[in-house]
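# everything below, folded, please.
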Amino acid sequence: MGRWLFAAGSLLGGTGVALGAFAAHALRARLSAERLVTFETGVRYQMYHALALLALAWAVASWPERGLAPAGWLMAAGTVLFSGSLYLLAVSGVRWIGLVTPVGGVLMIAGWGVAAWRTLAGG
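Have a look, this model is predicted:
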């Protein structure tokens, strides 16, 4: 399971770098400053959670009895929804897409909570 989390973190990290570069070079002239900030917020949170998934992959391998994998999947799903909705909102300007963003945020927060709880439980 740790291998899958490491792969997910690596994919999120790599696409985060690519999307950040895309925003800096291709979108800077096309988006308003406000929409560019929205896009960059998505990239920032994607990168934070890519690193968190890499750390969780290590934790899953180090403490398999803790059952930390669900924390990683919550974070991964949350990142796709949170950052993905911000990317779509920034590029399209369609405001209702922003309704998905808090769902992703809640999943990311839940992932952090599960990671803390499962790390400390029974120990």
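# could you list the buried residues of the helix or strand harbouring residue 111?
Residue 111 belongs to helix 101-120 when assigned by DSSP states H and E. Residues of helix 101-120 classed as buried by neighbour count (16 or more other CB atoms under 10 Å): 101, 104, 105, 107, 108, 110, 111, 114, 115, 118, 119. Glycine gets a C-beta too; all of them are placed from N, C-alpha and C.
# show me which of those is closest to residue 18.
If you rank those by distance to residue 18 using CB to CB, residue 104 comes first, at 19.5 Å.
# if we can go back for a sec, identify the farthest-apart pair in the buried residues of helix 101-120.
The largest separation in these, counting by CB to CB, is between 101 and 119 at 27.4 Å.
# which element is the residue most central in space within the chain on?
Taking CA atoms, centre = their mean as the criterion, residue 79 is the residue nearest the geometric centre of the chain, at 2.8 Å. Element membership for residue 79, per DSSP H and E: helix 69-92.
# same question for residue 31.
Using DSSP H and E, residue 31 sits in no helix or strand.
# need the contact list for it.
When contacts are counted by CB atoms under 8 Å, 6 or more residues apart in numbering, residue 31 touches 39, 90, 91.
# so how far is residue 8 from the residue lying closest to residue 119 once chain neighbours are set aside?
In space, and not counting its chain neighbours, residue 119 is closest to residue 66: 5.9 Å by CB to CB, 6 or more residues apart in numbering. Using CB to CB, to the nearest Å, one gets 18 Å for the distance from residue 66 to residue 8.
# among those two, which residue is more densely surrounded?
A direct count of neighbours by other CB atoms under 10 Å for residue 66 and residue 8 places residue 8 higher, at 23 against 18.
# quick check: which element contains the more buried one?
helix 2-22.
# about what we covered before: tell me the pLDDT at the residue nearest to the centre of the chain?
Per-residue pLDDT puts residue 79 at 98.
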